[in-house]
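Colleague: no letters, just coordinates:
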């Protein structure tokens, strides 16, 4: 087992099936508990898809409120799909959010997956390879736009164009971090190695996370980059129970929702069981190379379980 280092603990809060007042109260609760990270996602419909039948807020407007409502946690989006906004708009939003938050914003980028919402709102949704081509072109362009040392940016590519573009004001941070999300070995992880400050993976078991971590290390070494420059964070489904009875009830609900075959996959990438078991689980990811763990919250969740995560699990992990 590799030597463990300190780990950031946060929450990835889906902005669906809640009022804005409820979301703001949730963010304040998380920030008061001193989580290291709070993020939202970039969707126009609910996730997982239910045909646009669940209340859902847009990401950038939501992030503005999140940045203004909190004072401690780092803030991000995991992740913006580059097909919904061109790189210039993403860069302008990122620097604006960095100013609203006082220098706490971190930008997540990805190739997208939610085809039903794209179709519903009239967006092209090319095949996977083309969306990855878009991501590979967008990431370094956004980095240039956010660079305070680059006054003007001109780019003419296959997917995007800027002409003598400025992005003022510059971000508060000298280097606003860019995250790239996904677990694809052939394209996504090499793009992470080339262009990202952080890598976000979702819903994979510790052994798979460790394997993918090694793939990312190899991709860095191939281009001469120090793998230690890239942070590595895992998002986990939140299946915690405050005690044994609640943990059993949570598992039963998951099996009813996903069936016996799907249950193993959901639990494999989840924070499951009791608070003490959750502590052990986080340490497994820590040993696998994770520098951060986020619980993915989809309303409604068990309020007592969330209290247990914030008041027991996080302090216990930080104490070890």
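Modeller: Received, thanks. Worth saying up front: this structure is predicted, and the values here are computed from it rather than measured.
Colleague: by contact count, what packs against the helix or strand bottoming out on mean pLDDT in the chain?
Modeller: Lowest by mean pLDDT, DSSP states H and E among the helices and strands of the chain is helix 244-268, with a mean of 85. Applying 3 or more CB pairs under 8 Å, 6 or more residues apart in numbering; DSSP states H and E, we find helix 244-268 packed against strand 231-240, strand 270-273, helix 303-308. Bear in mind the C-beta positions are built from the backbone N, C-alpha and C, glycine included.
Colleague: can you redo the ones you listed as JSON lines with mean pLDDT and distance to residue 54?
Modeller: Output for the helices and strands packed on helix 244-268, formatted as JSON lines (pLDDT from 0 to 100; distance: least, CB to CB, whole Å):
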{"stretch": "strand 231-240", "mean pLDDT": "96", "distance to residue 54": "17"}
{"stretch": "strand 270-273", "mean pLDDT": "95", "distance to residue 54": "21"}
{"stretch": "helix 303-308", "mean pLDDT": "96", "distance to residue 54": "20"}
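Colleague: figure out which of those is closest to residue 30.
Modeller: Across those, residue 30 has its closest neighbour in helix 303-308 (8.8 Å, CB to CB).
Colleague: tell me the SS of residue 169?
Modeller: coil (DSSP: H, G, I helix; E, B strand; the rest coil).
Colleague: and the pLDDT for it?
Modeller: At residue 169, the pLDDT value in this model is 97.
Colleague: my guess is it contacts residue 99, does it?
Modeller: Yes - at 6.8 Å, residue 169 counts as touching residue 99 under the criterion of CB atoms under 8 Å.
Colleague: could you tell me whether residue 278 really is in a helix?
Modeller: Yes - counting by three-state DSSP, one finds residue 278 located in a helix.
Colleague: could you report the neighbour count for it?
Modeller: Using other CB atoms under 10 Å as the criterion, residue 278 is surrounded by 29 other residues.
Colleague: doesn't residue 272 make contact with it?
Modeller: Yes - under the criterion of CB under 8 Å, residue 278 makes contact with residue 272 at 7.4 Å.
Colleague: not counting sequence-adjacent ones, nearest residue to residue 317?
Modeller: residue 282 (5.3 Å; CB to CB, 6 or more residues apart in numbering).
Colleague: I'd assumed the one you found was in a helix, is it?
Modeller: Yes - looking at residue 282 with three-state DSSP, it is inside a helix.
Colleague: which stretches in the stretch 1-150 of the chain count as helices?
Modeller: Secondary structure of the stretch 1-150 of the chain (DSSP state H, counting those that start in this stretch): helices located at 20-32, 59-69, 87-100, 115-120, 128-146.
Colleague: tell me the buried residues in the first one?
Modeller: Neighbour-count burial for helix 20-32, with 16 or more other CB atoms under 10 Å as criterion, is recorded at 23-24, 26-27, 30-31.
Colleague: ok, now the longest one?
Modeller: Within helix 128-146, the residues scored as buried using 16+ other CB under 10 Å are 131-146.
Colleague: could you do the shortest one as well?
Modeller: For helix 115-120, the neighbour count (16+ other CB under 10 Å) marks 116-118 as buried.
Colleague: cool, the second one as well?
Modeller: Buried residues in helix 59-69, counting neighbours by 16+ other CB under 10 Å, are found at 59-60, 62-63, 65-67, 69.
Colleague: tally of neighbours for residue 288?
Modeller: Neighbours around residue 288, by other CB under 10 Å: 23.
Colleague: mind listing what it touches?
Modeller: By CB atoms under 8 Å, 6 or more residues apart in numbering, the residues touching residue 288 are 206-207, 209-210, 213.
Colleague: low-confidence ranges in the protein?
Modeller: 1-5 (pLDDT under 70).
Colleague: contact partners for the residue nearest in space to the middle of it?
Modeller: Geometric centre of the chain, nearest residue: residue 78, 2.9 Å, by CA atoms, centre = their mean. Residues near residue 78 by CB under 8 Å, 6+ apart: 12, 39-41, 108, 110, 179, 181, 200, 202, 235, 294.
Colleague: how much space between it and residue 53?
Modeller: Distance of residue 78 to residue 53, computed by CB to CB, to the nearest Å: 23 Å.
Colleague: the closest residue in space to residue 188 that isn't next to it in sequence: neighbour count?
Modeller: Of all residues not flanking residue 188 in the chain, residue 182 sits nearest, at 3.8 Å (CB to CB, 6+ apart). Residue 182 has 23 neighbours, counted by other CB under 10 Å.
Colleague: I'd like the distance between residue 182 and residue 16.
Modeller: 21 Å.
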